[in-house]
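K.L.:
this one's structure only:
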């Protein structure tokens, strides 16, 4: 599903104009981004949990030159699906 299809689905379900549905979706995504940027965990019941995880620094090899480099530690966004979502997908 694309953003446009999601906007249309929100608009139909809530009886909103596409511009209003787009604004709601944009604000929701923006709030999730800001929360993750602050290091917060965002839990949406029935959907899942968004959080930031820390990846450790690790060595990697460049195959062409056979040299080893170090990939620096970093933060990555992570999504863990909730039980309800897992149940729906597996039906």
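P.N.:
Alright, I've got the coordinates. Quantities reported herein were computed from a predicted structural model and do not represent experimental measurements.
K.L.:
Against residue 53, how distant is the most centrally placed residue in the chain?
P.N.:
Nearest residue to the geometric centre of the chain (C-alpha atoms, centre = their mean): residue 79, 5.8 Å. Note on residue 79: its distance to residue 53, by C-beta to C-beta, to the nearest Å, is 11 Å. C-beta coordinates here come from the backbone N, C-alpha and C atoms, glycine included.
K.L.:
what's the neighbour count on residue 26?
P.N.:
For residue 26, the tally of surrounding residues (other C-beta atoms under 10 Å) stands at 12.
K.L.:
chain center to the helix or strand that contains it: distance?
P.N.:
Following DSSP states H and E, one finds residue 26 within helix 18-37. In terms of C-alpha atoms, centre = their mean, to the nearest Å, the centre of helix 18-37 is found 12 Å from the chain centre.
K.L.:
which parts of it are buried?
P.N.:
If you call a residue buried by 16 or more other C-beta atoms under 10 Å, then helix 18-37 has these buried ones: 21-22, 25, 32, 36.
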